[in-house]
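*Asks:* For reference, the sequence and a predicted model appear below.
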Amino acid sequence: MTNTTPGTTRDEDYPGRSLGLPADGRGALASWGQRITALVLDWAVAMLVASLITWGAVLSSTGPEKFATLIVFFVEKALLTGLTGSSLGQLIVRIGVTRTDGQPISFWVAIVRTLMICVVIPAVVIGADRRSLNDMLLHTMVVKRR
């Protein structure tokens, strides 16, 4: 305990400590800002691609085209996360998904994790160490890659 200034945290108190992660830098837990930025980027790209595929119908349709953005989002995020450990947005922000033991996630974990994100509820239930319910259930975490 080297930092005891009032209003600050102790050196040993930081998200990811219980997982054996560093406080900052490569391998530390990604910040909420990084995670949200990556998610927004993924959704924006999915919306752009879905608009191109449906000739803009995704923006005003009440038919099946209205699900095009979600489908493109799911395919992009699951495929890239399964292959690289990061979605397109996560690659840009330089964060990625890994297992809590530090090993890469499997393709099937990437698919299940992305499906849970698309359902929304597991992704917004947050527990310790900045981990959502889907991360806790699948033993994954989102870490900085730089």
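*Replies:* Yep, it's here.

*Asks:* buried set for the helix or strand of the chain with the lowest mean pLDDT?
*Replies:* Here the helix or strand of the chain ranked lowest by mean pLDDT, DSSP states H and E is helix 121-124, holding a mean of 79. Buried positions in helix 121-124, judged by neighbour count with 16 or more other C-beta atoms under 10 Å: 122-123. (C-beta placed from N, C-alpha, C; glycine too.)

*Asks:* That helix - contacts with which helices or strands?
*Replies:* Helix 121-124 sits against helix 107-119, helix 133-138, with contacts defined as 3 or more C-beta pairs under 8 Å, 6 or more residues apart in numbering; DSSP states H and E.

*Asks:* Output it in PDB with nothing but the alpha carbons.
*Replies:* In PDB, the C-alpha atoms belonging to helix 121-124 read as follows (Å, rounded to 0.1, in the frame of the first residue of the first chain):
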ATOM      1  CA  ILE A 121     -29.600  -8.300 -21.200                       C
ATOM      2  CA  PRO A 122     -26.400 -10.400 -20.400                       C
ATOM      3  CA  ALA A 123     -24.200  -7.700 -21.800                       C
ATOM      4  CA  VAL A 124     -25.600  -4.900 -19.600                       C
END
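
*Asks:* what does that helix contact?
*Replies:* Residues from elsewhere that reach helix 121-124 (C-beta atoms under 8 Å, 6 or more residues apart in numbering): 116-117, 132-134, 137.

*Asks:* count of neighbours near A110?
*Replies:* 24 (other C-beta atoms under 10 Å).

*Asks:* give me every residue that touches A30.
*Replies:* A30 touches 93, 95, 130, 142-144, counting by C-beta under 8 Å, 6+ apart.
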